[in-house]
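# next comes the sequence, and after it the predicted model I'd like to discuss.
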Amino acid sequence: MVKAIEIHETGGPEVLRLADVAVAAPGPGEALVAHKAIGINFIDCYYRSGLYPAPAGLPFIPGNEGSGVVEAVGPGVTHVAPGDRVAYVATLGSYAQKRLVPADRLIKLPDGIADETAAAMMLKGMTVQYLLNRTFKVGPGTTLLFHAAAGGVGLIAGQWAKVLGATTIGTAGGPEKCALARANGYDHVIDYRNEDFVARVKELTGGAGVDVVYDSIGKDTFPGSLDCLKPLGMWVSFGNASGPVPAFPIGLLSQKGSLFATRPTLFTYTAKREDLETTANDLIARVGSGAVHIPVNHRYALADAADAHRDLEGRRTTGASVLLP
């Protein structure tokens, strides 16, 4: 038996309950991973609340990201072995001391990547990798707007986009978060609590607007995000921190400048093993070189997962948060 967080009914953070669970021996294509650290992400809150239904129903163990050591492997597994340090983004189940993971989702870690860094960077860092390199190709000459610039994804994105040569505008709430975003690559940061972000983007761009908006906020930044774009610009909606974007007529995109819109997910972009390896290896190389730093600013015991969710949803966190089993 191992300790894990189980959800028997969807709802607020109070539904996260510590329990003893059994972990089977790994079957074909599986590996047993003993966690050293577990990543916390907004998608965990979506599953907990019921916004995203758990694929296998209730009860379930939340969490999609972690790092640890392989303890055993099942038949047919050859690319990892017991004793290997690994990290992953996979199906639900990471809020536990140990778990079975589909072995084809595991990425070996070099010695220079610490366990907490690895647990905090896989989902958020690989998200940034595909957003900036595949969803919209960012480079010199690109001007972008990134909402939640002081969050876990936002801080990585600010650094990475500057390496790519982009002009970066971020939004954050309050002077401390704005300062943090500026220290992590953003050329301009808009305090959404005190400023109209649409008006400020227009001012900063001389009325032209930005090439792409990366929006993980959802309801509260719609349709303002569309109003920040140049004609033919791209709106990338990849989260719902304030609630889902309301239904809107597709004609709105033409009215606002023949805009493009997409709702991407990491799981689609890394569904193939070769895409997962390319995405993860790019991230690991940039973190290993020091070009991108992964700020792990909050740590919680596994038993305190509910407090972690309260802080995350209450916008009391910056950078990444991890659970320590």
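Okay, I see it. Numbers count the residues shown, from 1 in each chain.

# distance between stretch 5-23 and the chain's centre?
With Cα atoms, centre = their mean, to the nearest Å as the basis, stretch 5-23 stands 22 Å off its chain's centre.

# actually stretch 228-245, not the one I typed
16 Å.

# could you list the alpha-carbon positions for it in CSV?
Extracted in CSV, the C-alpha atoms of stretch 228-245 (Å, rounded to 0.1, in the frame of the first residue of the first chain):
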residue,chain,number,x,y,z
CYS,A,228,-5.3,42.7,-29.0
LEU,A,229,-4.6,41.0,-32.2
LYS,A,230,-3.4,42.3,-35.6
PRO,A,231,-5.5,41.3,-38.6
LEU,A,232,-4.8,37.6,-39.4
GLY,A,233,-3.4,37.2,-35.8
MET,A,234,-3.6,34.0,-33.8
TRP,A,235,-5.6,33.5,-30.6
VAL,A,236,-4.3,30.5,-28.7
SER,A,237,-6.7,29.5,-25.9
PHE,A,238,-5.0,26.8,-23.8
GLY,A,239,-6.7,27.0,-20.4
ASN,A,240,-9.7,28.1,-18.3
ALA,A,241,-8.3,29.6,-15.1
SER,A,242,-11.2,31.9,-14.7
GLY,A,243,-13.8,29.6,-16.3
PRO,A,244,-14.4,28.4,-19.8
VAL,A,245,-14.7,30.8,-22.7
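
# give me the mean pLDDT for it.
Averaged over stretch 228-245, pLDDT sits at 96.

# likewise for stretch 159-170?
98.

# what's the answer for stretch 14-33, then?
pLDDT averaged over stretch 14-33 gives 98.

# can I get stretch 300-317 in CSV, CA atoms only?
What follows is stretch 300-317, C-alpha atoms only, in CSV (Å, rounded to 0.1, in the frame of the first residue of the first chain):
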residue,chain,number,x,y,z
TYR,A,300,3.5,21.1,-0.2
ALA,A,301,3.4,17.7,1.4
LEU,A,302,1.2,15.2,-0.5
ALA,A,303,-1.3,15.3,2.4
ASP,A,304,-1.7,19.0,1.9
ALA,A,305,-2.8,18.8,-1.8
ALA,A,306,-6.0,20.6,-0.9
ASP,A,307,-4.1,23.7,0.4
ALA,A,308,-2.0,23.6,-2.9
HIS,A,309,-5.3,23.8,-4.9
ARG,A,310,-6.7,26.6,-2.8
ASP,A,311,-3.5,28.6,-3.3
LEU,A,312,-3.4,27.9,-7.0
GLU,A,313,-7.0,28.8,-7.6
GLY,A,314,-6.8,31.8,-5.3
ARG,A,315,-3.9,33.2,-7.5
ARG,A,316,-1.6,33.1,-4.5
THR,A,317,1.2,31.3,-6.3
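
# flag every buried residue along it.
Buried residues in stretch 300-317, counted by 16 or more other Cβ atoms under 10 Å: 300, 302, 304-306, 308-313, 315, 317. Using the backbone N, CA and C atoms, a C-beta is placed for each residue, glycine as well.

# would you mind giving these as JSON lines with pLDDT added?
Below are the buried residues of stretch 300-317 laid out as JSON lines (pLDDT from 0 to 100):
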{"residue": "300", "pLDDT": "98"}
{"residue": "302", "pLDDT": "98"}
{"residue": "304", "pLDDT": "98"}
{"residue": "305", "pLDDT": "98"}
{"residue": "306", "pLDDT": "98"}
{"residue": "308", "pLDDT": "98"}
{"residue": "309", "pLDDT": "98"}
{"residue": "310", "pLDDT": "98"}
{"residue": "311", "pLDDT": "97"}
{"residue": "312", "pLDDT": "94"}
{"residue": "313", "pLDDT": "94"}
{"residue": "315", "pLDDT": "87"}
{"residue": "317", "pLDDT": "92"}
